[in-house]
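Visitor: Sequence plus predicted model, see below.
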Amino acid sequence: MNENKSSEKSGFSSKIGFILAAAGSAVGLGNIWRFPYLAAKYGGGLFLIIYLIFTVTFGFTLMLTETAIGRKTGKSVIGAYKSINKRFAPLGWLAALVPAIILPYYCVIGGWVLKYLTVFVTGNGTAATGDGSFFSSFIGNAGQPTLFFLIYVALTAAVVMLGVQKGIEKVSKLMMPLLVVLTVGIAIYTLTLDGAMDGLKYYILPDFDGMTVSKLLKTIAAAVGQLFYSMSLAMGIMITYGSYMRKEDSLEQSVRHIEVFDTAIAFLAGLIIVPSVFVFSNGDPDALKAGPSLMFITLPNVFDSMAGGQIIGTVFFVLVALAALTSSISLMETVVSIICEKFKIKRIPCCLIVIALCVAIGMLSVLGYSVWDTVTIFGYQLLDFFDFISNNIMMPIVAFLTCVLISYVVGTKYIEDEVTLSQKRFKSKTLFNVMIKYVCPICMIIILVTPFVTKI
Ligand code: PHE
């Protein structure tokens, strides 16, 4: 067992730097379009309560586990699992594959966000309104999506190349406070719109109408699935960031802060999206459809109908771009750290290798929506397929096996020892033990089988 921090690694210089970088990873596209849609779909307040309960129990446990593994081993995800237990080395490889699959298509979507940002910044928001033909013709011709994808990759890579302290930490300290200010600002504005209060009620009051056991189970599965993705779990990100964390900073407290950050931004995004779409659609909840159509078709129409909509639209896409960038930075850093460690090469050449891979694989997603739009795998277009296998299959498997490794192979004391390095008492120890041994593995199995049993 090798538990020494590798000496050539530079880490975060402060606790707040770590918290903001990890929160930057957590806060992303999932918070902004997926969370509000799910909350609206699954009974408003009820979904919010269930989500909150799972965040402070399930999410907390998995995030603490990964961060502690990272800090204890001081390694990237492959090295970390191997150093805990040789037999679990393949788990490290599986976990490493997840960010490698997600990064390219996340950058493709990031490129779409940049495109919309430029449309609104140049005062052309109205061009993006209508029935969606603007969006379909944009993604249907490979040229522009490729250009914006490349710009987005370049922005992400520029930060990662600068390193942990000078790049990731600095940028997170700048971007995350800005993101909070912008989110709060637009949330206040949308709540002042005529009719917004009905949307607000729809969003936060629990709706028990027609509630059945099966509906409740689906709500729980949706909440757990969302939480998992939203907190960037089971893909080595928190292991990588944990390995850059200082030994003297409290793990428990840091994870709690990240949780609050992630949930608060998701909740605020709901305050922006649900009431404004509600006003626009005269109270039709169907207008809150998931997927790209909400962000790239419905919202431009919503903004266009508001007074000052060009400005609100611009600010909104700036905030989405910030949220997406800090997430893709964490994905790229995770892949870079794996390659640096595995092949013992320096950061810049590693970054160049990762950029080349990211561009090559990302082009499959770009082309999958344009010239290759007839190509499908199990009925999914290429981008959706990458999304499906990483989120619905690989991540739950990684999380499940991590729980098994910690609970039944090395023992929970492994994590406890790391937690108590920087604080006297592990306050949530009982909660942690129950969650990691029983609740988390069961939840993972539920997530894994749900898509096959029912279509949520
Ligand atoms: N947590 C991010 C979100 O909520 C998604 C993400 C997944 C980010 C994987 C990085 C890696 O959108």
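Guide: In hand now; what should we look at?

Visitor: what are the phi and psi angles of residue 346?
Guide: phi -70, psi 160 (degrees, to the nearest 10).

Visitor: actually residue 427, not the one I wrote
Guide: Main-chain torsions, residue 427, degrees, to the nearest 10: phi -60, psi -40.

Visitor: ditto for residue 12
Guide: phi -70, psi 140.

Visitor: what about the residue lying closest to it once chain neighbours are set aside, helix or strand, and which?
Guide: Closest residue to residue 12 apart from its sequence neighbours, by CB to CB, 6 or more residues apart in numbering: residue 18 at 4.3 Å. The C-beta positions use only the backbone N, C-alpha and C, and glycine is treated the same way. Here residue 18 is covered by helix 15-26, with elements defined by DSSP states H and E.

Visitor: Other residues contacting that helix?
Guide: Under the contact criterion CB atoms under 8 Å, 6 or more residues apart in numbering, helix 15-26 has outside partners 12, 67, 165, 168-169, 172-173, 175-176, 230-232, 237-238, 241, 244-246, 249-250, 254, 257-258, 261-262, 326-327, 329-331.

Visitor: which regions of the stretch 101-250 of the chain lie under the pLDDT threshold?
Guide: Of all residues in the stretch 101-250 of the chain, none has pLDDT under 70.

Visitor: if you set the cut-off to 80 instead, what comes out?
Guide: 209-211 (pLDDT under 80).

Visitor: can I assume residue 44 is in contact with residue 203?
Guide: Yes - using CB atoms under 8 Å, residue 44 makes contact with residue 203 at a distance of 5.4 Å.

Visitor: isn't residue 56 right next to residue 259, touching?
Guide: Yes - contact status for residue 56 versus residue 259: in contact at 6.8 Å, counting by CB under 8 Å.

Visitor: Look up the closest residue to residue 447, ignoring the ones flanking it.
Guide: Distances taken as CB to CB, 6+ apart place residue 396 nearest to residue 447, at 4.7 Å, with adjacent residues excluded.

Visitor: Can I get the strand or helix carrying the one you found in CSV? Just the C-alpha atoms.
Guide: Using DSSP H and E, residue 396 falls within helix 395-404. Only the C-alpha atoms of helix 395-404 are listed here, as CSV (Å, rounded to 0.1, in the frame of the first residue of the first chain):
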residue,chain,number,x,y,z
MET,A,395,-21.0,5.6,-13.0
PRO,A,396,-23.4,3.5,-10.9
ILE,A,397,-21.1,0.5,-11.3
VAL,A,398,-18.1,2.5,-10.2
ALA,A,399,-19.9,3.9,-7.2
PHE,A,400,-21.3,0.5,-6.3
LEU,A,401,-17.9,-1.1,-6.3
THR,A,402,-16.3,1.8,-4.5
CYS,A,403,-18.9,1.3,-1.7
VAL,A,404,-18.1,-2.4,-1.6
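
Visitor: show me what contacts the spatially most central residue of the chain?
Guide: In the chain, the C-alpha nearest the mean C-alpha coordinate belongs to residue 230, at 4.1 Å (CA atoms, centre = their mean). With contacts defined as CB under 8 Å, 6+ apart, residue 230 is in contact with 26, 28, 30-31, 34-35, 262, 266.

Visitor: Just the ones in helices from the residues you listed, please.
Guide: Mapping the contacts of residue 230 onto helices (DSSP state H) picks out 26, 35, 262, 266.

Visitor: quick one: residue 313 from the ligand, how far?
Guide: Between residue 313 and the ligand the computed distance is 20 Å (CB to the nearest ligand atom, to the nearest Å).

Visitor: got a list of what the nearest residue to that residue once chain neighbours are set aside touches?
Guide: Distances taken as CB to CB, 6+ apart put residue 303 closest to residue 313, at 3.7 Å, once the chain neighbours are dropped. For residue 303, the contact set (CB under 8 Å, 6+ apart) comprises 120, 125, 309-310, 312-313, 316.

Visitor: hmm, try it at 7 Å
Guide: By CB atoms under 7 Å, 6 or more residues apart in numbering, the contact list for residue 303 reads 125, 309, 312-313, 316.

Visitor: Give me the number of neighbouring residues for residue 193.
Guide: 18 (other CB atoms under 10 Å).

Visitor: Contact residues of this structure facing the ligand?
Guide: Contact residues (CB under 6 Å from any ligand atom) of the chain with the ligand: 25-26, 28-31, 102, 229-230, 232, 235, 237, 327, 330-331.

Visitor: Buried among those? Make that a ChimeraX selection.
Guide: ChimeraX command restricting the residues of the chain next to the ligand to the buried ones, with burial defined by 16 or more other CB atoms under 10 Å:
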select :25,26,28,29,30,31,102,229,230,232,235,237,327,330,331
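
Visitor: ok, which pair from the residues of the chain next to the ligand is furthest apart?
Guide: Within the residues of the chain next to the ligand, two members stand farthest from each other by CB to CB: 31 and 235, at 16.5 Å.

Visitor: Please report how far residue 294 lies from residue 33.
Guide: Per CB to CB, to the nearest Å, residue 294 is found 5 Å from residue 33.

Visitor: out of these two, which sits in the more crowded spot?
Guide: Neighbours per residue, other CB under 10 Å: of residue 294 and residue 33, the larger number sits with residue 33, 23 against 20.

Visitor: ok, that one touching residue 293?
Guide: No - counting by CB atoms under 7 Å, residue 33 stays clear of residue 293, with 9.7 Å between them.

Visitor: if we can go back for a sec, go ahead and measure how far the helix holding residue 18 is from the middle of the chain.
Guide: Centroid separation for helix 15-26 versus its chain: 13 Å, with CA atoms, centre = their mean, to the nearest Å.

Visitor: got a list of contacts for the helix or strand following it?
Guide: Downstream of helix 15-26, the first helix or strand assigned by DSSP H and E is helix 29. With contacts defined as CB under 7 Å, 6+ apart, helix 29 is touched by 109, 323-324.
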